[in-house]
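[1] What shape does this take:
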Amino acid sequence: MTPSERRPVTGGLVWFDEPKPPRATEQLSRERVVTAAVELADDQMPDEITMRALAARLGVRSPMALYRYVGSKDGLVDLMTDQVYGQITVPRGQGWRDALQGMGRTGWDVVQRHPWFARLAFSRPPLGPNALRLYDTALAELEPLGLDAATRMGFIKTVLGHVLGSGLALLEEHTMRARVGLHSDSDLAAAVAPYLARIAAEGRHPHFIAWANDPQRLTPEPQSFEQVLEWLLDGLATLVPPEGRPPT
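    Next comes the predicted model:
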């Protein structure tokens, strides 16, 4: 952020600490500003967006005009992340496992569309209306299990942790590929081939080289998001009291 964009930031949450945004104009409203910020973050990923770039996207002369609608840069992050939280869904009435599985899968879809979300989601408390709705719905589906409060939230955080951790890995991979110009898997394979040949010639890691030379090593894809999600749910199922488990 440049000096002309700076504004005192308290770190407070936009939901509670900022005044309501002014009446929408033809050019600006809170919804338009946040939607444009999400689109800009998608386009510029992995670079952090600036208020100046956002103002230019909206056709606004002064970046300071945007603060009237989002309060601060932290407020913008709150609003952006909550808009994306609203794209994660929890199936209702089909049991706890289907609920968390659906939350995980739609969350993975979200972080693939918006990789920056995984980074920003860790930077601010999830207390916006969409995030609260997500947590409340997931907790409602876990309620019949009779688990204690910490365990119920632990179930949810286990799945969302997998979503956001996988999203961060995806973001860092995109960052690396953009930085070094390895845009495809074949580009990456060609770049590491000389190093693998050197490791094989040294003979100190025979099991790794045997794996690397196995043509079936990626079939099926090891540790796909979906596979790890199923492993996590299998582990969580062991904490469910017998009366809460489906009949076998």
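
[2] Burial check on Arg23, number of neighbours?
    Neighbour count of Arg23, defined by other CB atoms under 10 Å: 7. (Glycine included, C-beta is placed from N, CA and C.)

[3] Tell me how far it lies from Ser29.
    8 Å (CB to CB, to the nearest Å).

[4] do the same with Ile88
    With the distance defined as CB to CB, Ile88 ends up 24 Å from Ser29.

[5] what does Ala190 give?
    Distance of Ala190 to Ser29, given as CB to CB: 48 Å.

[6] what's the answer for Met64, then?
    From Met64 to Ser29 the distance is 17 Å (CB to CB).

[7] What pLDDT is listed against Leu139?
    On pLDDT, Leu139 comes in at 98.

[8] Quick check: closest non-adjacent residue to Leu196.
    Ala212 (5.8 Å; CB to CB, 6 or more residues apart in numbering).

[9] looking at it, that neighbour is touching Ala197, isn't it?
    No. Under the criterion of CB atoms under 8 Å, Ala212 makes no contact with Ala197, lying 10.3 Å away.

[10] ok, the spatially most central residue of the chain to Gly59 distance?
    Nearest to the geometric centre of the chain sits Ala118, at 2.9 Å (CA atoms, centre = their mean). Ala118 is 30 Å from Gly59, where distance means CB to CB.

[11] what do you get for Phe122?
    Where Gly59 is concerned, Phe122 sits at a distance of 32 Å (CB to CB).

[12] okay, these two: which has more neighbours?
    Phe122 (13 against 9).

[13] check contacts around the more buried one.
    For Phe122, the contact set (CB atoms under 8 Å, 6 or more residues apart in numbering) comprises Leu164.

[14] try 10 Å
    Thr81, Leu164, Gly165, Gly167, Leu168 (CB atoms under 10 Å, 6 or more residues apart in numbering).

[15] residue contacts, the third one?
    When the contact criterion is CB under 10 Å, 6+ apart, the partners of Gly165 are Val111, Ala118, Phe122, Val228.

[16] quick one, phi psi at the third one?
    Main-chain dihedrals, Phe122, degrees, to the nearest 10: phi -80, psi -10.

[17] gap between it and Thr81?
    As judged by CB to CB, Phe122 and Thr81 stand 10 Å apart.

[18] per-residue pLDDT, Pro220?
    In this model, Pro220 carries a pLDDT of 76.

[19] er, Glu18 actually
    Per the predicted model, pLDDT is 75 at Glu18.

[20] The residue nearest to it when sequence neighbours are not counted - how many residues pack around it?
    Sequence neighbours aside, Gly71 is the residue nearest to Glu18 in space, at 3.3 Å (criterion: CB to CB, 6+ apart). By the criterion of other CB under 10 Å, Gly71 has 24 neighbours.

[21] Now do the contacts for the residue nearest to the centre of the chain.
    By CB under 10 Å, 6+ apart, the residues touching Ala118 are 81, 84, 107, 110-111, 163-172.

[22] Ranking by neighbours, what's the top pick from these?
    Within those, most neighbours by other CB under 10 Å means Gly107, with 29 neighbours.
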